[in-house]
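**Q** Sequence and predicted model, in that order:
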Amino acid sequence: MSTSQPAVIRRPQDVVDLVNSHPAKRGGTGVALIALGGVLIDAYQAAMVGFGNSYIADEYDISTGAAAAVNATVLVAALVGGLMARPLIERLGQRRAFLLGMGLCTVAAAAVAFAPSIWFVLLCRVVMGIGLGIDFPLATSAVVELSGSKSSKSGRSVNLWQMGWYISTTVVYLVLLPLHQATSVESDLWRYGIFVGAAFAALVMVLRYVFIGESALWAARRQRYDEAVRILRERYGVHAVVAHDAVGAAPGSERPRVRGAYRVMFNRTYRRRTVLGCVVATMQAWQYNAVGIYLPVTLGGVLSGGLAGSLGGSALVNAAFGITGGLLGSLWVQRHGARKLSMAGFAVVAASLLVLGALGSGAPWVALFLLGLIIFGHAAGPGGLGMTIATLSYPPSIRPAGVGFARAIMRTGAIAGLVLWPMLWDALGTDAFFWLALVPATGLITCLIIRWEPIGQPVDDEDADVLRQITVTERAT
């Protein structure tokens with residue numbers, strides 16, 4: 001604040017209001033992508049194991065469906081991790097929970113690169129999934145806090161995770177191409193690639209430790225007002241003081257215990273928001289994990305050129321359509337809204353899948369363009385917006401729970417795409433595109449029915465009322 005009069009902190013909502021109206025001094029796209037680093041690692045590892053699925057099956061003498069099921073355990077574990085996220089964040093705080101989540105990802109990724117058996121792969125994927133599940137609610141909440149929820153940039157910043165996702169998947173194929181040239185053992189490429197991903201995860205941990213600190217909102221909810229004041233001063237440039245009569249500031253006062261966040265998410269106020277966020281997130285995950293994760297496999301079925309051709313085509317599609325779509329989606333969301341942009345994206349994906357099914361493999365370059373159009377419609381539309389809707393639909397006190405729950409439910413769609421698509425592709429070939437079109441159609445219909453638009457809504461003003469519903473003060477024993 002530029003005035004000489006400091007802001008006075010009497011309750012957690014005072015800190016919420018100050019953070020909402022004062023974006024961080026050191027913010028911007030770079031810091032947002034650092035906060036979203038777990039998403040980048042999730043994207044990298046998902047694309048890498050999608051590429052390695054058939055090699056894993058051959059090496060351990062299992063079917064491709066069984067290999068996909070093992071790889072999908074990361075999604076089941078992430079579902080559990082997402083549900084664990086809120087209580088862990090409340091107990092540990094943002095900084096330590098960030099280290100825990102990304103630390104699990106780093107260790108598991110490094111270990112799976114040396115996996116001696118499929119059971120070891122399974123264990124590592126479970127550990128990685130729990131870490132990713134913990135990380136994502138933290139990441140999106142941190143982005144909103146750093147940008148200020150009342151800022152016009154908040155929805156844009158949260159939705160940047162989709163552009164980051166495609167940057168990361170493009171990096172996968174750019175890593176694999178030189179590795180493919182450097183080694184004659186093609187079946188080991190997935191191991192090398194996953195180990196490189198572990199190094200990326202370690203880098204994310206370091207960058208976060210330097211650029212992303214503790215949450216001022218968490219400190220205030222824990223009645224650590226002196227710490228909240230310090231964060232406000234250092235990160236936001238806000239001069240604030242703690243009032244002598246601040247809630248919980250008196251010696252011996254009891255710290256609130258937060259309960260009932262999930263119950264509030266399904267009350268009359270938040271039920272529609274929860275359903276919309278979960279359905280959009282789940283349907284986009286289903287369609288992406290079918291087409292996007294197995295893009296080299298799909299391209300191999302419609303293009304010639306061997307492994308190098310499919311890797312190069314995958315890199316081209318992700319860079320030209322995915323990164324561009326993610327960037328444009330983050331720019332368009334403030335103008336058009338998350339719901340309408342999701343509808344448009346689902347419509348593009350559904351139409352492209354139907355045309356792909358009709359063309360089959362008879363027009364490879366048209367098929368390549370249509371696959372790119374699917375990636376573009378997904379990235380610019382619902383790909384990132386399910387989580388954007390979940391993040392911007394709830395006030396800070398239940399935001400990690402809302403994002404964690406939506407992310408957990410979303411994993412069911414990811415599992416369906418990851419496990420079912422190889423089976424459909426093997427059984428039906430390009431006719432499988434017809435069946436997959438039902439997924440974006442379901443997302444489109446849901447957006448037509450539920451007319452909640454989170455962009456521009458002052459949801460953080462609801463925090464004090466929500467806190468009254470979910471906070472139980474522990475009685476002295």
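**A** Looks like it arrived, so ask away.

**Q** What residues of stretch 89-105 count as buried?
**A** Judged by neighbour count using 16 or more other Cβ atoms under 10 Å, the buried positions of stretch 89-105 are 89-90, 92-95, 97-98, 100-102, 104-105. Placement of C-beta: from N, CA and C, glycine included.

**Q** got the residue ranges for the strands in this protein?
**A** Assigned by DSSP state E, the strands in the chain fall at 7-9, 240-242, 256-258, 471-473.

**Q** Now do the same contact list for the closest residue to R208 other than its chain neighbours.
**A** Closest residue to R208 apart from its sequence neighbours, by Cβ to Cβ, 6 or more residues apart in numbering: F98 at 5.4 Å. Neighbouring residues of F98 by Cβ atoms under 8 Å, 6 or more residues apart in numbering: D135, L138, A142, M205, R208, I212.

**Q** Check which residues of stretch 422-436 are buried.
**A** By neighbour count on 16+ other Cβ under 10 Å, the buried set for stretch 422-436 is P422, L424, W425, T430, A432, F433, L436.

**Q** Any regions of the stretch 301-450 of the chain where pLDDT drops low?
**A** Filtered on pLDDT under 70, the stretch 301-450 of the chain yields the residue ranges 301-310, 360-362.

**Q** Which one of the buried residues of stretch 89-105 is nearest to Y192?
**A** C105 (17.8 Å; Cβ to Cβ).

**Q** While we're on the nearest residue to the closest one once chain neighbours are set aside, how confident is the model there?
**A** Counting by Cβ to Cβ, 6+ apart, G131 is the residue found nearest to C105 once chain neighbours are left out, at 4.1 Å. pLDDT for G131: 89.

**Q** List the contacts of G131.
**A** The neighbours of G131, taking Cβ under 8 Å, 6+ apart as the test, are G38, G81, L100, G101, M102, G103, L104, C105, A108.

**Q** Quick one: residues contacting the first one.
**A** Think G38. G101, M102, C105, G131, L132, D135, F136, L138, A139, V204 are the contacts of G38 under Cβ under 8 Å, 6+ apart.

**Q** I'd assumed A78 was in contact with the fifth one.
**A** Yes: L132 lies in contact with A78 (Cβ atoms under 8 Å); the separation is 4.8 Å.

**Q** joint contacts of those two?
**A** Contacts common to L132 and A78, judged by Cβ under 8 Å, 6+ apart, are D42.

**Q** neighbouring contacts of stretch 10-19?
**A** Residues outside stretch 10-19 that contact it (Cβ under 8 Å, 6+ apart): 7-9, 145, 148, 216-217, 219-221, 223, 225, 228, 232, 236, 238, 240, 243, 245-247, 395-396, 460, 463-464, 467.

**Q** Next step: these restricted to helices.
**A** Using DSSP state H, 145, 216-217, 219-221, 225, 228, 232, 236, 463-464, 467 are the members of the contacts of stretch 10-19 that sit in helices.

**Q** Closest to W165 out of those residues?
**A** The closest of the ones in helices among the contacts of stretch 10-19 to W165 turns out to be E145 (Cβ to Cβ; 21.0 Å).

**Q** Let's have the contacts of G38 in TSV, adding distance to A32.
**A** Shown next, in TSV, are these (distance: Cβ to Cβ, whole Å):
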residue	distance to A32
G101	17
M102	16
C105	19
G131	20
L132	18
D135	15
F136	14
L138	13
A139	9
V204	13
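
**Q** List just the nearest of those residues to L189.
**A** Set against L189, the nearest of these by Cβ to Cβ is C105 (20.5 Å).

**Q** list the buried ones in stretch 211-231?
**A** Going by neighbour count (16+ other Cβ under 10 Å), the buried part of stretch 211-231 is 212-225, 227-231.

**Q** And stretch 260-278, by the same measure?
**A** A261, Y262, V264, M265, Y270, R273, T274, V275, L276, G277, C278.

**Q** One more: stretch 442-454?
**A** With burial defined by 16+ other Cβ under 10 Å, the residues of stretch 442-454 counted as buried are T442, G443, L444, T446, C447, I450, W452, E453, P454.

**Q** and these as JSON lines, adding distance to A408?
**A** Formatted as JSON lines, these follow (distance: Cβ to Cβ, whole Å):
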{"residue": "T442", "distance to A408": "19"}
{"residue": "G443", "distance to A408": "18"}
{"residue": "L444", "distance to A408": "23"}
{"residue": "T446", "distance to A408": "18"}
{"residue": "C447", "distance to A408": "21"}
{"residue": "I450", "distance to A408": "20"}
{"residue": "W452", "distance to A408": "20"}
{"residue": "E453", "distance to A408": "24"}
{"residue": "P454", "distance to A408": "19"}
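
**Q** for stretch 337-354, the distance to its chain's centre please.
**A** How far stretch 337-354 lies from its chain's middle: 19 Å, per Cα atoms, centre = their mean, to the nearest Å.

**Q** For it, output the C-alpha coordinates as PDB.
**A** Output of stretch 337-354 as PDB, limited to C-alpha atoms (Å, rounded to 0.1, in the frame of the first residue of the first chain):
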ATOM      1  CA  GLY A 337     -16.000 -17.100 -19.900                       C
ATOM      2  CA  ALA A 338     -15.000 -20.600 -18.900                       C
ATOM      3  CA  ARG A 339     -18.300 -22.300 -19.600                       C
ATOM      4  CA  LYS A 340     -18.800 -21.000 -23.200                       C
ATOM      5  CA  LEU A 341     -15.100 -21.700 -24.000                       C
ATOM      6  CA  SER A 342     -15.500 -25.200 -22.700                       C
ATOM      7  CA  MET A 343     -18.600 -25.700 -24.900                       C
ATOM      8  CA  ALA A 344     -16.800 -24.500 -28.000                       C
ATOM      9  CA  GLY A 345     -13.800 -26.800 -27.300                       C
ATOM     10  CA  PHE A 346     -16.000 -29.800 -26.700                       C
ATOM     11  CA  ALA A 347     -17.900 -29.100 -29.900                       C
ATOM     12  CA  VAL A 348     -14.600 -28.900 -32.000                       C
ATOM     13  CA  VAL A 349     -13.300 -32.200 -30.500                       C
ATOM     14  CA  ALA A 350     -16.600 -34.000 -31.000                       C
ATOM     15  CA  ALA A 351     -16.900 -32.900 -34.700                       C
ATOM     16  CA  SER A 352     -13.200 -33.700 -35.400                       C
ATOM     17  CA  LEU A 353     -13.600 -37.200 -33.900                       C
ATOM     18  CA  LEU A 354     -16.600 -37.900 -36.100                       C
END
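
**Q** re earlier: dump the ones in helices among the contacts of stretch 10-19 into TSV; add distance to G402 as well.
**A** Conversion of those to TSV gives the following (distance: Cβ to Cβ, whole Å):
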residue	distance to G402
E145	15
A216	19
L217	14
A219	21
A220	19
R221	16
Y225	25
A228	22
L232	24
Y236	24
D463	13
A464	17
L467	15
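
**Q** Determine which two of those residues are furthest apart.
**A** Between any two of these (Cβ to Cβ), the greatest distance is 21.3 Å, for Y236 and L467.

**Q** These two: which is more packed in?
**A** Y236 (23 against 20; other Cβ atoms under 10 Å).

**Q** Which two among the contacts of F98 are spaced furthest apart?
**A** So, the contacts of F98 by Cβ to Cβ: farthest apart are A142 and M205, at 14.2 Å.

**Q** okay, these two: which has more neighbours?
**A** Legend: neighbour count by other Cβ under 10 Å for A142 and M205, higher for A142 (22 against 19).

**Q** Could you find the closest non-adjacent residue to that one?
**A** Closest to A142 by Cβ to Cβ, 6+ apart is A35, at 4.4 Å.
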